[in-house]
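Novice: Here's a sequence, model it:
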Amino acid sequence: MNQEIKKRLVNQVNIYRSLLILVVICIFASLLSESFLSVSNLFNVFKQVTVAGIIACGMTFVILTGGIDLSVGSILGLSGVVASGVLASTGNTALAVVTAMAIGIACGAVNGFFISQCGIPPFIATLGMMTLLRGCVLIYTKGSPIPVKVDSYKFIGKGSVLGVPVPVIILILLFLLAHYVLTQTSFGRSIYAFGGNREVARLSGISVKRTEWMAYVMNGFLSGIAAVVLTARLSSAQSTSGQGIEMDAIAAVILGGTSLSGGTGFVLPTVIGAMIMGIIDNILTLMNVNPHATNIVKGAVVLIAVLVDKKVKDLSAKAG
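Specialist: Residues are numbered from 1 along each chain as shown. You can find the predicted model right below:
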């Protein structure tokens, strides 16, 4: 079978599989809690998944290369507290937003350098950065929250346009942009080629080191945007912001059908994966389940998602 046709079929299957899982979870959620289908609760779910969804969008680029990034939560945390500090000092919303994105890009570039240029495995490199950056956050904040008082900045996280929350609009626009980059640009095609077979990609003339580096830069950039949305929504930057969000993002990407081994996947179903994780969190909250038990459920979802990913890959290998 032609590889392009096969990839399109796989992407369509991933979309339908993700939608089916989402529908089934929504049905169970509505049966478990009458409040789930209320308009206010559904809007709350949409707003809550935006941050993890933006992070998952960037994580899709990284996982498509066969990599992983455990530092996204710490990048979000550092970007958020520094941007909030700049906002508190200057009152300039644009400068604060640019600062958050610049820090995200810089952190992603450092990750990409260690991984693509130095050959350090992504898990180790980003694990080290996760700890390093979280330490920077704690030093910068001294463990205290930084309040956000500028209305124009808070509008990013709390405002709405024609009744649609601004964070949701940002999420949709970013996913559409990511879809365009991955499907219509040479960089996007390089990402798929790199994830499919690094050596073949190199022999075909693709700059594999640059491609891998750019994937982490893109991930850092989107983590910076997520930091702006989160701090604007909470009206403060916390030293603990972003802790654990990497697991939600990874789970969302896998539930969206992107293979952990790289080269196979589609960015649009990732937002469905983010919705699935958000609904699981929401329904457990509505049922007054112990917050610590939520982590148990999320961990189980990640394990099941990875198992399904492996089985699908094995079946595809046999069919090929």
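Novice: tell me the contacts of S71?
Specialist: Neighbour list for S71: 107, 111, 126-127, 129-130, 133, 246 [criterion: C-beta atoms under 8 Å, 6 or more residues apart in numbering]. Every C-beta, even on glycine, is put in place using the N, C-alpha and C of the backbone.
Novice: what's the closest of these to T60?
Specialist: Nearest to T60 among those is E246, at 13.3 Å by C-beta to C-beta.
Novice: continuing past the strand or helix carrying I124, what's the next helix or strand?
Specialist: I124 belongs to helix 122-141 when elements are defined using DSSP states H and E. Next along the chain after helix 122-141, taking DSSP H and E as the criterion, comes strand 146-147.
Novice: Would you mind listing the buried residues in the helix or strand just after that next one?
Specialist: Using DSSP H and E, the helix or strand that follows strand 146-147 towards the C-terminus is helix 151-158. Across helix 151-158, burial judged by 16 or more other C-beta atoms under 10 Å covers 153-154, 156-158.
Novice: With stretch 60-75 instead?
Specialist: For stretch 60-75, by 16+ other C-beta under 10 Å, it's 60-75.
Novice: next one: stretch 97-109
Specialist: Residues 97, 99-109 are the ones in stretch 97-109 that count as buried (16+ other C-beta under 10 Å).
Novice: spatially speaking, which residue is in the middle of this structure?
Specialist: A56 (1.7 Å; C-alpha atoms, centre = their mean).
Novice: So G256 sits against G273, correct?
Specialist: Yes. Here G256 reaches G273: they are 3.8 Å apart, a contact under C-beta atoms under 8 Å.
Novice: thinking again about what came up before, settle this for me: the residue nearest to the centre of the chain is touching D248, isn't it.
Specialist: Yes. A56 lies in contact with D248 (C-beta under 8 Å); the separation is 7.4 Å.
Novice: Quickly list what's touching both of those two.
Specialist: Counting by C-beta under 8 Å, 6+ apart, the residues touching both A56 and D248 are A274.
Novice: Need the nearest residue in space to P145, chain neighbours excluded.
Specialist: Closest residue to P145 apart from its sequence neighbours, by C-beta to C-beta, 6 or more residues apart in numbering: S236 at 4.6 Å.
Novice: What is the neighbour count of the one you found?
Specialist: By the criterion of other C-beta atoms under 10 Å, S236 has 18 neighbours.
Novice: Give me the phi and psi angles of T185.
Specialist: Dihedral pair for T185: phi -120, psi 160, per degrees, to the nearest 10.
Novice: do you know how far the residue nearest to P145 is from A100?
Specialist: 14 Å (C-beta to C-beta, to the nearest Å).
Novice: Quick check: mean pLDDT of stretch 255-264?
Specialist: In this model, stretch 255-264 carries a mean pLDDT of 82.
Novice: no wait, stretch 34-54
Specialist: pLDDT averaged over stretch 34-54 gives 85.
Novice: All the strands of this protein, in order from the start?
Specialist: 146-147, 160-161, 164-165, 236-237 (DSSP state E).
Novice: Who are the packing partners of the first one?
Specialist: Right, the one you point to is strand 146-147. helix 72-90, strand 236-237 (3 or more C-beta pairs under 8 Å, 6 or more residues apart in numbering; DSSP states H and E).
Novice: Give the other helices and strands that the last one contacts.
Specialist: Packed against strand 236-237 by the contact rule (3+ C-beta pairs under 8 Å, 6+ apart) you find helix 72-90, strand 146-147.
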